[in-house]
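> quick one, fold the following:
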Amino acid sequence: MEIYVKLILSFNVSDMDFLNQTLLKNIKNSISEIVPKKKIGVAFSGGVDSTLVSKICSDMGFDVVLLTIGFSESHDILFSKEVNEFLKYPHHILEIDGETFPTITSNIRNVIDTDNLSWNENCIAFHYVSKLAKSLNLDTVITGNGIDELFCGYNVYREAFSGGEIRINEVMGLKLDNELKMMKAVNTVASEFNVKILQPLLSAPFIEYAKTVPISEKIHSSDDLFRKHIIRKLASDVGVPEISCTKRKKALQYGSKIHKSLIKIR
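As a prediction, the model looks like this:
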């Protein structure tokens with residue numbers, strides 16, 4: 001966290017304020033254009049992406065219900081509870097049943113028909129998110145997908161940094177293409193519950209805008225463990241709890257223990 005604070009202090013304040021205001025405006029515009037209903041579930045891990053989306057949606061007047069899934073005592077369940085002690089939004093948790101997990105994972109793999117491990121893990125996760133939403137009579141769930149792709153959230157961007165902006169943008173294109181295709185598979189799985197998973201930060205206008213944000217506001221070096229700096233600064237500005245703003249990325253499949261459990265039965 002100390003490193004992150006030092007990096008934030010190194011920015012030009014006036015430039016950062018302008019960039020943050022523009023970022024917030026574009027996020028709000030995308031949410032307004034994509035999200036049709038006022039009562040929504042938000043796939044919530046407590047990380048900066050899902051917490052930022054939750055906070056902005058709530059500030060916009062949406063009736064936000066936080067949805068968290070994972071195995072008992074998983075990181076996401078524990079951390080999401082900790083973060084929501086500050087937010088105090090309605091929060092529902094579904095603990096994954098280890099006995100039925102193998103059957104469900106097998107069925108999902110047959111539905112999406114791919115051996116891509118990440119796709120299978122994310123589709124499994126959103127199967128449970130959709131099941132939880134359905135039990136609460138919610139048919140619309142919002143995610144923060146797109147932030148990691150567009151704002152250099154993944155470790156692969158550290159590896160690409162030495163190749164300069166050209167290489168970073170190449171990686172970004174590949175990541176975006178994969179994410180857009182994967183979320184179609186996710187919605188195929190969610191349709192079993194008549195639930196729609198929406199990703200406002202993967203809309204074409206938001207992608208176009210996000211690509212104009214300077215790379216320097218996203219990642220600083222190949223040793224940058226935090227990344228997504230403009231996202232973290234905006235999150236802090238709109239009132240996201242500090243423990244979330246400074247939390248390093250932990251992907252859904254790892255935070256929920258889905259990856260660990262799936263590997264055991266493959």
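
> poorly predicted segments of the chain, please.
1-14, 16 (pLDDT under 70).

> repeat the analysis, applying 90 as the threshold.
1-18, 37, 248-251, 264-266 (pLDDT under 90).

> the strands in it, which residues?
For the chain, applying DSSP state E gives strands covering 39-43, 63-70, 91-95, 140-142, 196-198.

> quick one: the ones you listed as CSV, columns for mean neighbour count and distance to residue 207 too.
All C-beta spots, glycine's among them, are computed from the backbone N, C-alpha and C. Putting the strands of the chain into CSV (neighbours: other C-beta atoms under 10 Å; distance: least, C-beta to C-beta, whole Å) gives the following:
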stretch, mean neighbour count, distance to residue 207
strand 39-43, 23, 20
strand 63-70, 24, 24
strand 91-95, 16, 30
strand 140-142, 23, 17
strand 196-198, 20, 15
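
> can you lay out the ones you listed as JSON lines showing distance to residue 178?
What follows is the strands of the chain, written out as JSON lines (distance: least, C-beta to C-beta, whole Å):
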{"stretch": "strand 39-43", "distance to residue 178": "18"}
{"stretch": "strand 63-70", "distance to residue 178": "22"}
{"stretch": "strand 91-95", "distance to residue 178": "26"}
{"stretch": "strand 140-142", "distance to residue 178": "20"}
{"stretch": "strand 196-198", "distance to residue 178": "16"}
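
> contacts for stretch 78-95?
Stretch 78-95 is contacted from outside by 44-47, 51, 54-55, 58, 64-72, 77, 128-129, 131-132, 135-136, 241, 243-244, 247, 255, using C-beta atoms under 8 Å, 6 or more residues apart in numbering.

> buried ones in it?
79-80, 83-84, 87, 89, 91-94 (16 or more other C-beta atoms under 10 Å).

> endpoints of it, how far apart?
11 Å (C-alpha to C-alpha, to the nearest Å).

> if we can go back for a sec, nearest to residue 261, out of the strands of the chain?
Of all these, strand 63-70 sits nearest to residue 261, with 10.1 Å by C-beta to C-beta.

> so what strands line up beside the closest one?
Sheet pairing of strand 63-70 (DSSP bridges) gives strand 39-43 (parallel), strand 91-95 (parallel).

> return the distance of it from the chain's centre.
13 Å (C-alpha atoms, centre = their mean, to the nearest Å).

> quick one: buried residues of stretch 203-218?
So for stretch 203-218, counting by 16+ other C-beta under 10 Å, buried means 203, 206-207, 209-210, 213, 215, 217-218.

> and the furthest pair within the buried residues of stretch 78-95?
Between all members of the buried residues of stretch 78-95, the farthest pair (by C-beta to C-beta) comes out as 87 and 94, at 18.9 Å.

> before we move on, the earlier item: adding distance to residue 172, write the strands paired with strand 63-70 out as a markdown table.
Formatted as a markdown table, the strands paired with strand 63-70 follow (distance: least, C-beta to C-beta, whole Å):
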| stretch | distance to residue 172 |
| --- | --- |
| strand 39-43 | 22 |
| strand 91-95 | 32 |
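
> out of these, the one nearest residue 17 is which?
strand 39-43 (26.5 Å).

> what's the closest one in contact with?
Here strand 39-43 has contacts from 50, 53-54, 57, 62-67, 126, 129, 132-133, 136, 138, 140-144, 197, 252, using C-beta under 8 Å, 6+ apart.

> quick one: end-to-end length of stretch 212-227, please.
Span of stretch 212-227 from end to end, C-alpha to C-alpha: 17 Å.

> again, but for stretch 154-172
End-to-end distance (C-alpha to C-alpha), stretch 154-172: 10 Å.
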